[in-house]
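Undergrad: my questions concern the predicted model and sequence given below.
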Amino acid sequence: MAKSRTKAWSAVAAVTGAVLTVAAAPGRPAELPGSLERAAAGPARDAAVTLLVARAVDGGRAGADGWCEAGAFRTGRCGDWREQRVLATAHGAGTVLRDPALARTETLPTDAGGPLEIALARAEAGSLTDVTVQDGHGRHLAGALAPGGGHWRNTEPLRAGEGYTVRVGAQDGDGTPVGVTLAFRTSPPADGGRLTAEFGPRPGTYGAGEIVTAALSHPVPAEDADARARVEQALQVSSQPHVEGAWHWVDDATLHFRPRTYWPAHTVVRVRSGLDGVELGDHGYGGPSEPLEFTVADRIEAVTDSAAHEMTVRRNGRVIRTIPVTTGKAGFLTRSGIKVVLGKEAKVRMRGDTVGIQKGTKEFYDLPVLYATRVTWSGEYVHAAPWSVEAQGEENVSHGCTGMSTEDAAWFYETVREGDIVEVVNSGGEKMPPFDNGFGDWNMDWSAWLSGSALPPATPDPTPLTPARLHPTT
């Protein structure tokens, strides 16, 4: 029996992170420094495991190869590392042992750029059973246990300027449960601008085709795939009801989010950023961003068949109006594809020279137009066209817009809202681009959309890690 106790006491776990304080189990005071030596010298009353805790202090960085390997936690081997010894017992109490080398480093904050890893040096002497890491805001740090409980590592980065509580559960060589609660704090972000996100649209009610946008305060180039992945992972979109959706990088500083199919009617969409304090490599740290919430109204879809000269408007799948229209004639063919209502103007002045038609030519126009619903930034509208009523439903005579009677245009203007879907088919015109002229995002198929994400596709891992429980057992 003495032999098994000695084996239990010599089990070692390595923790990559900063452990600043060690707490006792509820109702039991923490042991004082040096108690391990006293316990080892006298009768062993509790099963216990000694944890070796190492951290990258402020100014230290992980090695160039990324994660530091267990067993390389000596100062100088993996950045600016410091070590502590912690005792995990059957009562859940722990002790920071006396170590002169630690006297001046125990209060140094952790570098958020370093990894957090807990590994048993001698798997035969026991195993980790549960690791829970939670910040001061109640957010859990994702991580995973390897099969057999040999080690645990975080699967998302630490946040700068944040306090963390770590609860480690393990068992000794005899299978007796032991545990310890640790605490550490990461260093604040470096001075300078922090990366934030401004979300769109504004709070309000929108159509089923509305696109969520995120404008970053600083660009993150495609070459920095890791930073992009961290940014994207931190931008969180939730909805009620739940939908399948994804972010797509439009450029270095802009992301769009859309569901796989249009938003269901009456969905509530919430967007928030988890960037605050996230380390982003050469791009510094993330900062706080204002959250967004908006709702989706009835699903309005207006589909114009240019060949039939007719628009069909549906609300939640039911046809509510059929409208005779005229669309772009030869040389001015209306763009085909799906567009989204960008805004509405009760009266707008339309001039040919704003779309490249020279003044003085026969195609030039300068007209006051009523009930104009915009669908592209370049000037394509659905609007009243009383001058072409005779052609509406019969032929296409416009310069690219969709024209209809004043009565129908007024009805359409009052019926639709920003985010509603306007689709044109059989026009012969060029395809609506996804991003540079409004919201043409819906013209990309789902596989193409996902290819613009910085996160890897969700595919089954043939040798998956066993996920660590996110909540401590009590």
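TA: That came through fine.

Undergrad: could you use CA atoms for every contact and neighbour count after this?
TA: Fine.

Undergrad: so who does Ser289 touch?
TA: Thr196, Ala197, Glu198, Arg272, Ser273, Leu275, Asp276 (CA atoms under 8 Å, 6 or more residues apart in numbering).

Undergrad: need those residues in CSV (columns: neighbour count, secondary structure and distance to Asp226).
TA: Listed next are the contacts of Ser289 as CSV, based on neighbours: other CA atoms under 10 Å; DSSP: H, G, I helix; E, B strand; the rest coil; distance: CA to CA, whole Å:
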residue, neighbour count, secondary structure, distance to Asp226
Thr196, 22, coil, 17
Ala197, 26, strand, 18
Glu198, 17, strand, 21
Arg272, 19, strand, 20
Ser273, 24, strand, 17
Leu275, 26, coil, 14
Asp276, 20, strand, 17
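
Undergrad: how about those residues, which pair is most distant?
TA: The span of the contacts of Ser289, defined through CA to CA, is set by Glu198 and Asp276 at 13.1 Å.

Undergrad: could I get the contacting residues of the closest residue to Ala222 other than its chain neighbours?
TA: Distances taken as CA to CA, 6 or more residues apart in numbering put Asp252 closest to Ala222, at 6.7 Å, once the chain neighbours are dropped. Asp252 makes contacts with Pro219, Val220, Pro221, Ala222, as judged by CA under 8 Å, 6+ apart.

Undergrad: and the last one, what element?
TA: Meaning Ala222. When elements are assigned from DSSP states H and E, Ala222 belongs to no helix and no strand.

Undergrad: list just the nearest of the contacts of Asp252 to Gly163.
TA: Among those, and counting by CA to CA, the member closest to Gly163 is Val220, at 27.0 Å.

Undergrad: and the closest one, what helix or strand is that in?
TA: Going by DSSP H and E, Val220 is not part of any helix or strand.

Undergrad: tally of neighbours for it?
TA: 22 (other CA atoms under 10 Å).

Undergrad: cool, and Phe332?
TA: There are 15 residues near Phe332, going by other CA under 10 Å.

Undergrad: kindly report the same for Lys362.
TA: Other residues near Lys362 number 8, with proximity taken as other CA under 10 Å.

Undergrad: relative to Ala308, how far out is the closest residue to Glu310 other than its chain neighbours?
TA: Nearest residue to Glu310, sequence neighbours excluded (CA to CA, 6+ apart): Pro324, at 4.7 Å. In this view, Pro324 and Ala308 are 9 Å apart by CA to CA, to the nearest Å.

Undergrad: and for Gly403?
TA: For Gly403, the distance to Ala308 - CA to CA - is 14 Å.

Undergrad: re earlier: shared neighbours, Pro324 and Ala308?
TA: Gly393.

Undergrad: which residues touch Pro241?
TA: The contact partners of Pro241, by CA under 8 Å, 6+ apart, come to Pro264, Thr267, Val268.

Undergrad: closest to Leu367 among these?
TA: So of the contacts of Pro241, ranked by how close each gets to Leu367 (CA to CA), first place is Pro264, at 38.2 Å.

Undergrad: the closest one contacts Arg299, correct?
TA: Yes. Assessed by CA atoms under 8 Å, Pro264 is found in contact with Arg299 at 7.2 Å.

Undergrad: what's the overlap in contacts for those two?
TA: By CA under 8 Å, 6+ apart, the residues touching both Pro264 and Arg299 are Ala208.

Undergrad: of the two, give the one with the bigger neighbour count.
TA: More crowded of Pro264 and Arg299, by other CA under 10 Å: Arg299, with 23 against 20.

Undergrad: which non-adjacent residue is nearest that one?
TA: When the adjacent residues along the chain are set aside, Arg299 lies closest to Asn316, with 4.9 Å between them (CA to CA, 6+ apart).

Undergrad: quick one, grab the pLDDT at the one you found.
TA: Among the per-residue scores, Asn316 shows a pLDDT of 98.

Undergrad: where are the low-confidence patches of this protein?
TA: 1-88, 91-114, 119-125, 137-138, 150, 189-192, 458-474 (pLDDT under 70).

Undergrad: what about Val168, helix or strand, and which?
TA: Using DSSP H and E, Val168 sits in strand 163-171.

Undergrad: now for that strand, which elements pack on it?
TA: strand 127-135, strand 177-185 (3 or more CA pairs under 8 Å, 6 or more residues apart in numbering; DSSP states H and E).

Undergrad: what's the closest of the ones you listed to Ala385?
TA: Distance to Ala385, taken as CA to CA, is lowest for strand 127-135 among the helices and strands packed on strand 163-171, at 60.0 Å.
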